[in-house]
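**Student:** my questions concern the predicted model and sequence given below.
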Amino acid sequence: MYKPETHRRIALLVCDVPADAIRERHGDYTRIFGTLLEVSLKPINETRSADSQATFKLEPFDVRAQVYPKDVDEYDAILITGSVSTAHEYEQPGREWIKKLIEYVRVVATEKPWIKIFGICFGHQIVALAMGGTCVRNMRFEVSATKLQLTELGKRVYGVESGILNIHLMNRDHVPNEPPSFHILSSSNQSPNHGMVLFSDSEFSEDAPPSNFSLTDIHILTSQGHPEFTESIMHLLLRIRRELLGPELVRDGESRAGNQNDGVAVIGKAIWGVMGVE
């Protein structure tokens, strides 16, 4: 049974710094992810009594400078952010921090199963590499608000009967082969794995996902998409990366940036559910 306490302490493993234009308007990743967690927690707290209001503390660690929690056992969860760096280039000079991050995640995941792990975009790819999956360059970028197809398990984890998850994307690398015992939650027309879970209990680690489970049975949850991105952040990113992405893809992304975004209401809510806050 997961801890009944209402306070959650979360270590944010920061893998990048937002571009200046984004940071000036929306803050650094601690603020951006803090906003995601705060806004997604609000409707949950509205259903709880005054003496059972859930709270959290999000503490950042710059893993690029190889700064990590002194005692990870003090945390309920670790959350790995996105990055412009390439996860699968960890053997290249200057990327030693990526190799250390992969090993750190592997150790926490295998030796401390009571600590929840969340990986977003680059973090999703780091989890895959740490746990025996693959990460490679895809044919082209995926950007902006996109409709993902949920697996049957994805529908149950996210509570979305329609089978469609709307989320902001900004990626070219992807995870074509999930690690052993992981189960895929969503996919796009271009990438077969846009999110995955690992269950805590060994009985849930078979080839087929469990027929009955609660969100607290999930040990690791990842998303290739960005639940922390807003329409404003996406517009800024598309402008900043216009030369890299090309004008046609930028125009397409701009046209979809204001579409439905389930980052807060669906993925944010699921993150809290995995931590036992429902």
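**Tutor:** Arrived safely, thanks for sending. Residues are numbered from 1 along each chain as shown.

**Student:** give me the element L249 is part of.
**Tutor:** helix 247-256 (DSSP states H and E).

**Student:** actually P179, not the one I wrote
**Tutor:** With DSSP H and E as the test, P179 turns up in no helix or strand.

**Student:** what about it, how many neighbours?
**Tutor:** 18 (other C-beta atoms under 10 Å). (C-beta placed from N, C-alpha, C; glycine too.)

**Student:** picking that back up, what residues does the helix holding L249 touch?
**Tutor:** 140-141, 143-146, 234-235, 238-239, 241-242, 245 (C-beta atoms under 8 Å, 6 or more residues apart in numbering).

**Student:** among these, which are in helices?
**Tutor:** Counting by DSSP state H, the contacts of helix 247-256 place M234, H235, L238, R239, R242, L245 in helices.

**Student:** quick check, nearest of those residues to D73?
**Tutor:** Checking those against D73 by C-beta to C-beta gives M234 as the nearest, at 36.5 Å.

**Student:** quick one: which of the ones in helices among the contacts of helix 247-256 has the most company?
**Tutor:** That'd be M234 among those, by other C-beta under 10 Å, with 25 neighbours.

**Student:** ok, the closest residue to that residue other than its chain neighbours - contacts?
**Tutor:** Excluding the flanking residues, the one nearest M234 by C-beta to C-beta, 6 or more residues apart in numbering is A257, at 4.5 Å. Listed by C-beta under 8 Å, 6+ apart, the contact partners of A257 are S144, A145, H168, E231, M234, H235, L238.

**Student:** biggest separation within the contacts of helix 247-256, which pair?
**Tutor:** R140 and H235 (20.3 Å).

**Student:** surely R172 forms part of a strand?
**Tutor:** Yes - per DSSP: H, G, I helix; E, B strand; the rest coil, R172 lies within a strand segment.

**Student:** just give me the neighbour total for the closest residue in space to it that isn't next to it in sequence.
**Tutor:** Spatial nearest neighbour of R172, excluding adjacent residues (C-beta to C-beta, 6+ apart): F141 at 4.8 Å. The number of residues packed near F141 is 18, by other C-beta under 10 Å.

**Student:** what's the answer for E243, then?
**Tutor:** E243: 8 neighbours (other C-beta under 10 Å).

**Student:** hang on, the residue nearest to R172 packs against H174?
**Tutor:** No - applying C-beta atoms under 8 Å, one finds F141 not in contact with H174, separated by 10.5 Å.

**Student:** wait, what's in contact with the closest residue to I271 other than its chain neighbours?
**Tutor:** Closest residue to I271 apart from its sequence neighbours, by C-beta to C-beta, 6+ apart: F118 at 5.9 Å. Residues in contact with F118 (C-beta under 8 Å, 6+ apart) are A77, I78, L79, I80, I220, L221, T222, I271, V274.

**Student:** which SSE is the fifth one in?
**Tutor:** I220 is part of strand 218-223, with elements assigned from DSSP H and E.

**Student:** touching that strand from outside, list them.
**Tutor:** By C-beta under 8 Å, 6+ apart, the list of residues contacting strand 218-223 reads 109, 113, 116-121, 123-124, 127-128, 131, 157, 167, 182, 194-200, 267, 270-271, 274.

**Student:** starting from it, tell me which strands it pairs with and how they run.
**Tutor:** strand 116-120 (parallel), strand 195-199 (antiparallel) (DSSP bridges).

**Student:** and after the first one, which helix or strand comes next?
**Tutor:** Stepping forward along the backbone from strand 116-120, the first helix or strand reached (DSSP H and E) is helix 122-130.

**Student:** now that following helix and strand 195-199, what's the angle there?
**Tutor:** 50 degrees (axes from the mean of the first three to the mean of the last three C-alpha atoms, to 10 degrees).

**Student:** neighbouring contacts of helix 122-130?
**Tutor:** 13, 15-16, 79-83, 85, 87-88, 90, 98, 101-103, 105-106, 109, 117, 119, 133-135, 173-175, 177-179, 193, 195-196, 220, 222-224.

**Student:** I am finished for the moment; much appreciated.
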